[in-house]
Structure formats: structure tokens, C-alpha cells
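Chemist: After the sequence you'll find the predicted model.
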Amino acid sequence: MNAHLVIAIDGPAGAGKSVFGAALARALQSLCIDSGIVYRAVTWIALAHGLDPEDDATLSPVASSMNLQIVPPTVQDGRQFTILIDSQDVTWGLRTPEIDRTVSRPSALPGVRRAVTEQLRHLARDTRVVMVGRDIGTVVLPDADVKFYVTANPETRARRRADELQARGQEADVADILRSIIERDTRDSGRATAPLRPAHDAVHLETDNLTIDAEVAFALDVVQRSLRSTTTLETKDV
Ligand code: CDP
């Protein structure tokens, strides 16, 4: 098996990257790193401390020194893991509409991106990894063995986000979410540093009408082919 198999998954908001990435990582027995969590954490700290979400000089030190931990679930409320900032449980706090509305502003700052990219590369060193984000195949891990660019139409994405919020007992207006998603995509794709775009060698995956199992089966096939050589891919049922 390929010990350092590196998979990059990018795509716009709510395209289903995180669930797909987690399932693929399980099948490949890889570590899954969702880079959006790190940008959300910087944003959470900025909002919690009243910091300007567009002030790179203030936020890049926050990005390089924040105490962010991702641990096994501490509460059985549908979460896949627990996220802590300075020991405070922010698992759902990182997923509020306010964070959704704000996150693409700190994410556009070059110093913040440099700090986060460095940490992500460090985490991915010497390990089998599936990393999910916006610029993983283009900037963070340009030498990834396989790159996926995951999309779905904006209505599907807004509906999925609304379902997620409702599952947690929160109100969700699909029209508002759709507006927020489109705004975020526009900012993420329009920024000067590491904009959202498919890597030239990414395999495109449209998830509107696919189950997670079908996505993982497709991805495993792509990974297997791309390894070409005599390497055998060991996988696990998900
Ligand atoms: O889950 P969803 O697709 O809505 O978002 P996410 O992956 O948690 O990412 C939240 C935000 O972080 C994005 O809208 C980007 O502004 C930023 N981000 C980024 O700039 N680069 C990454 N590699 C990952 C996330």
C-alpha cells in the first residue's frame, strides 16, 4: 500500500466535500483534515474578541498560535468530532450563519493563509491524508496524488445546509442560505490569494444526484487507476 497517498478535495460551499472526504478517508484508512475548520476557527476568535476580520496584521498571529484541537466526539449530538479552542467546545459555534457570513473575509488575507497553509502542510507530512478545502490541490498540496473538485448546483447546496441546520434544531431559510452561499463563493473565487478554482489536473465530481457510497466508489476507482503501477490499494468498507 502507498503509505503517503495524498488526496486533495476542493470545491465551493456546501458541495458535500466534508462528508465525502471523511468517507473516502475511512475507506483509505487515511487521516482526514478539513481545512475549513481552521479558517472558521480564526473567524470565531476574531468575532469573539471583537477583532477586525479584515486585519491581517492582527489575525495572522492568531492563525499561527491559536490553540485549536480536534478530538473524538465528547457529546453524542450528531457531531463527528469535537472542536476545541482554548478548551472551549466550539464544534457547532464554528457552523453558525454569522461565521458562514464572515469566514471568507479572514480567509482572503495573505498572512492568515500563509500561517494556515504552513500548519496544514505540517499536519499532512509523512502520512496518508485526505485534505478538504478550497486551495488544497492548487496551493497547499499541489503534488497530491489525486485531486477532486466537488460541485453541486447552488440550490442543492443551500438545501443541504438548511437540512443540516434543521437537524440541529435551528431555523433555516433556504433563500437566505442560498444568498449567503453565493456571496461566499464569489468572495472565495474572486480573492487575489489562493482563490477557489479547480486544479488543472483535478477530477470533477458533481454530487447533485449521487449517494456518498457512489461518490466513494467512484473516487476509489480514480485513485486505483492513478496509482497505475503494481501498487495495490488496500481499502476498508465504510
Ligand atoms: O463547509 P463549507 O463548504 O461551507 O465551508 P468550509 O469548507 O468549512 O470553509 C469555510 C470557508 O473557509 C470558505 O468559505 C473559505 O472562505 C475558507 N477556506 C479557504 O479559504 N481555504 C480553504 N482551504 C478552506 C476554507
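Modeler: Nice, I can see it.
Chemist: ok, which residues in the chain are in contact with the ligand?
Modeler: For the chain, the residues in contact with the ligand (CB under 6 Å from any ligand atom) are 13-14, 17-18, 35-36, 39-40, 103-104, 107, 133-136, 184, 188. Every C-beta, even on glycine, is put in place using the N, C-alpha and C of the backbone.
Chemist: make it 8 Å
Modeler: Within reach of the ligand by CB under 8 Å from any ligand atom, the chain has these residues: 10-15, 17-18, 34-40, 43, 94, 100, 103-104, 107-108, 113, 116, 120, 132-136, 140, 161, 181, 184-185, 187-188, 191, 194, 196.
Chemist: Break down the chain into its strands, ranges please.
Modeler: With strands called from DSSP state E, the chain shows them at 6-10, 31-34, 68-71, 82-85, 88-89, 129-133, 146-151, 203-206.
Chemist: Residue 226: which of these is closest?
Modeler: strand 146-151 (5.1 Å; CB to CB).
Chemist: Show the secondary-structure elements that that closest one is packed against.
Modeler: When contacts are defined as 3 or more CB pairs under 8 Å, 6 or more residues apart in numbering; DSSP states H and E, strand 146-151 packs onto strand 6-10, helix 17-28, strand 203-206, helix 212-226.
Chemist: These into JSON lines, with extra columns for mean pLDDT, mean neighbour count and distance to residue 79?
Modeler: What follows is the helices and strands packed on strand 146-151, written out as JSON lines (pLDDT from 0 to 100; neighbours: other CB atoms under 10 Å; distance: least, CB to CB, whole Å):
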{"stretch": "strand 6-10", "mean pLDDT": "97", "mean neighbour count": "26", "distance to residue 79": "20"}
{"stretch": "helix 17-28", "mean pLDDT": "95", "mean neighbour count": "21", "distance to residue 79": "12"}
{"stretch": "strand 203-206", "mean pLDDT": "96", "mean neighbour count": "16", "distance to residue 79": "25"}
{"stretch": "helix 212-226", "mean pLDDT": "95", "mean neighbour count": "16", "distance to residue 79": "17"}
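Chemist: quick one: which of these is nearest residue 167?
Modeler: That would be helix 17-28 among those, by CB to CB, at 12.8 Å.
Chemist: From the residues of the chain next to the ligand, which land in helices?
Modeler: Within the residues of the chain next to the ligand, residues falling in helices by DSSP state H are 17-18, 36-40, 43, 100, 113, 116, 120, 161, 181, 184-185, 187-188.
Chemist: Tell me the confidence at residue 43?
Modeler: Note for residue 43: predicted pLDDT of 98.
Chemist: Which residues are in contact with it?
Modeler: 53, 99, 102, 103, 105, 106, 107 (CB atoms under 8 Å, 6 or more residues apart in numbering).
Chemist: out of the residues you listed, who has the most neighbours?
Modeler: Greatest neighbour count in the contacts of residue 43, by other CB atoms under 10 Å, goes to residue 106: 31 neighbours.
Chemist: For that one, give me the pLDDT.
Modeler: Looking at residue 106, the pLDDT reads 98.
Chemist: which stretches of this protein have low pLDDT?
Modeler: 1-3, 229-238 (pLDDT under 70).
Chemist: now the strands of the chain as a markdown table including distance to residue 212?
Modeler: Output for the strands of the chain, formatted as a markdown table (distance: least, CB to CB, whole Å):
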| stretch | distance to residue 212 |
| --- | --- |
| strand 6-10 | 13 |
| strand 31-34 | 14 |
| strand 68-71 | 21 |
| strand 82-85 | 22 |
| strand 88-89 | 26 |
| strand 129-133 | 14 |
| strand 146-151 | 12 |
| strand 203-206 | 12 |
